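J.: structure for this input, please:
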Amino acid sequence: MTKRRTSIGCHVSQLYLDKLPNVWLSSTHVTRTATQPALKFAGMDDTDSEDELPPGWEERSTKDGWVYYASHDEMKTQWEHPKTGKKKRCAGDLPYGWEQETDEKGQMIYVDHINKRTTYFDPRQAFTVEDVVLKPKRYDGNTSALEILQGRDFSDKVVLITGGNSGIGLETARSFALHGAHVILACRNLSRASKAASLIRQEWHKARVEAMMCDLASLRSVREFTESYKAKKLPLHILVCNAGVCTQPWSLTEDGLESTFQICHLGHFLLVQGLEEVLRRSAPARVVLVTSESHRFTDLLDSCAKVDLALLSPQKKEYWSMLAYNRAKLCNILFSSELHRRLSPHGVTANAVHPGNMMYTSIHRSWWLMTFLFSLARPFTKSMQQGAATTVYCAVAPELEGLGGMYFNNCFRCLPSAQAQDQGSGASLWELSERLVAERSAGIQAL
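T.: Take a look at the predicted model:
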């Protein structure tokens, strides 16, 4: 059984604490102030523990796990232990099967669903640790998204993920939802997105997940989505631009642009543009763009060192699906850096991430050969949880607060290609993207 040290100098099990007389319980927490005559009679009035609380003091914990101390004699509370002067916090999550709730009087209670019992005692207090400054934990390619979020509470955060109904996007959404965040799946297939949201809610009945229609291949659909989102009056703390396509046959969108370029880049550009004010009002906020190492194998510039639309949205005879994908992924990094440069003064940061090589997702579904190759590589590549880790890391890592314009792989910062680092290319792409969006917006208004 899990044990904890109390002021009476003995180890009391959780099961025993639940059976203590009411005189041992405060209105909301286990008290450590049993009457001294009773302790003396029991021969337990002395202890050599440095954690012993003086008479009249009680240890309590806040909702997010910080320990504080209440003096019933002086009617005051403080963060420091009254004897040692140390600060403490509860280590980790609630034990498996436990849940934090509020009773009808508004008092915090803890429910053990496995053993069907309720107590005012926070079971995490059995595992308090001294509050010391810790170095950021290092993660790598084997880390999962859930590991990065372990012990974190995001119940006050709103997370928007494009393409969140499958693959890495679904694992990103699931990881945030299981840690309390309000997650919105922005997907072109509303039926599949609703099914994905339902699956997450089946895993945890209190998960807050909803699906909204957003087809990045249609600038009209993106505009309608941003207006619908703003109508909800929700903040937006984390925006993950995850959706993408790869090895697509050549096709034009309803906006007259090559589909890979529009879905991977321009649709996300318009999405961020439409939600910019929401992000700024929600600051600190973060934007994470999912890109790829394949960005290194292409370029976007014409002879005048400007981003060339003919390369981004080529004619059918000049189209090669993998090259189109590589160019779109280079756009993601350039867009991320320029976005950070423009919005970081307003509390909105942006970073780009590579999720992993040859990961088996639905992104390659358009070409049977790529699906076959990815199937062969599947046993040797990352899981979906590992693929989502770098995205989640850039979205929540405390050490990245206020920092952006960077490129991450395996939860580590690394340098992208030389062109991806070129600020002039980023500015040129931004200008081109604004022009393309504005021209098509003008066309809609003319109709």
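J.: who's in contact with the helix or strand harbouring Glu434?
T.: Element membership of Glu434, judged by DSSP states H and E, is helix 423-446. Helix 423-446 is contacted by residues 219-220, 223, 255-257, 265-266, 269-270, 273, 300-301, 305-307, 309, 312, 331, 334-335, 337-338, 341, 419 when judged by C-beta atoms under 8 Å, 6 or more residues apart in numbering. Every residue, glycine included, has its C-beta placed from N, CA and C.
J.: now, of these, which are buried?
T.: 219, 223, 255, 257, 265-266, 269-270, 273, 300-301, 306-307, 309, 312, 331, 334-335, 337-338, 341, 419 (16 or more other C-beta atoms under 10 Å).
J.: please flag which of the residues you listed sit within helices.
T.: Judged by DSSP state H, the buried ones among the contacts of helix 423-446 include 219, 223, 269-270, 273, 309, 312, 331, 334-335, 337-338, 341 as members of helices.
J.: so Asp64 is in contact with Asp153, correct?
T.: Yes. Counting by C-beta atoms under 8 Å, Asp64 touches Asp153, with 6.0 Å between them.
J.: quick one, which of these two is more surrounded?
T.: For Asp64 versus Asp153, neighbours defined as other C-beta atoms under 10 Å are more numerous around Asp153 (15 against 12).
J.: shouldn't that one be within a helix?
T.: No. Assigned with DSSP: H, G, I helix; E, B strand; the rest coil, Asp153 falls outside any helix and is coil.
J.: any idea how far Thr122 lies from His268?
T.: Quick fix: residue 122 reads Asp, not Thr. Distance from Asp122 to His268, counting by C-beta to C-beta, to the nearest Å: 42 Å.
J.: hang on, I meant Gln150
T.: 29 Å.
J.: same question for Trp66.
T.: 38 Å.
J.: who's more crowded, those two?
T.: Set side by side, Trp66 and His268 show more neighbours around His268, with 29 against 15, by other C-beta under 10 Å.
J.: circling back to that earlier point, what's the angle between the helix holding Glu434 and helix 267-274?
T.: Here helix 423-446 points in a direction 80 degrees away from that of helix 267-274 (axes from the mean of the first three to the mean of the last three C-alpha atoms, to 10 degrees).
J.: distance from helix 423-446 to the middle of the chain?
T.: 30 Å (C-alpha atoms, centre = their mean, to the nearest Å).
J.: list the buried residues in that helix.
T.: 425-430, 432-433, 436-437, 440.
J.: just the helices in the stretch 251-400 of the chain please.
T.: Under the criterion DSSP state H, counting those that start in this stretch, helices of the stretch 251-400 of the chain are mapped to 259-261, 267-274, 276-281, 309-312, 321-343, 368-377, 384-396.
J.: ranking these by burial, who's on top?
T.: Compared across the helices of the stretch 251-400 of the chain, helix 384-396 shows the largest average neighbour count, a mean of 27 (mean count of other C-beta atoms under 10 Å).
J.: packing partners of it?
T.: Packed against helix 384-396 by the contact rule (3 or more C-beta pairs under 8 Å, 6 or more residues apart in numbering; DSSP states H and E) you find helix 145-149, helix 167-177, strand 238-241, strand 285-290, strand 348-354, strand 406-409.
J.: CA atoms of that helix as CSV?
T.: The C-alpha trace of helix 384-396 is given here as CSV (Å, rounded to 0.1, in the frame of the first residue of the first chain):
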residue,chain,number,x,y,z
MET,A,384,2.3,7.6,-34.5
GLN,A,385,2.8,8.6,-30.8
GLN,A,386,6.5,9.1,-31.4
GLY,A,387,5.7,11.0,-34.6
ALA,A,388,3.5,13.4,-32.7
ALA,A,389,6.1,14.0,-30.0
THR,A,390,8.0,16.8,-31.7
THR,A,391,4.8,18.7,-32.6
VAL,A,392,3.6,18.4,-29.0
TYR,A,393,7.1,19.4,-27.7
CYS,A,394,7.1,22.6,-29.7
ALA,A,395,3.5,23.3,-28.6
VAL,A,396,4.1,23.1,-24.9
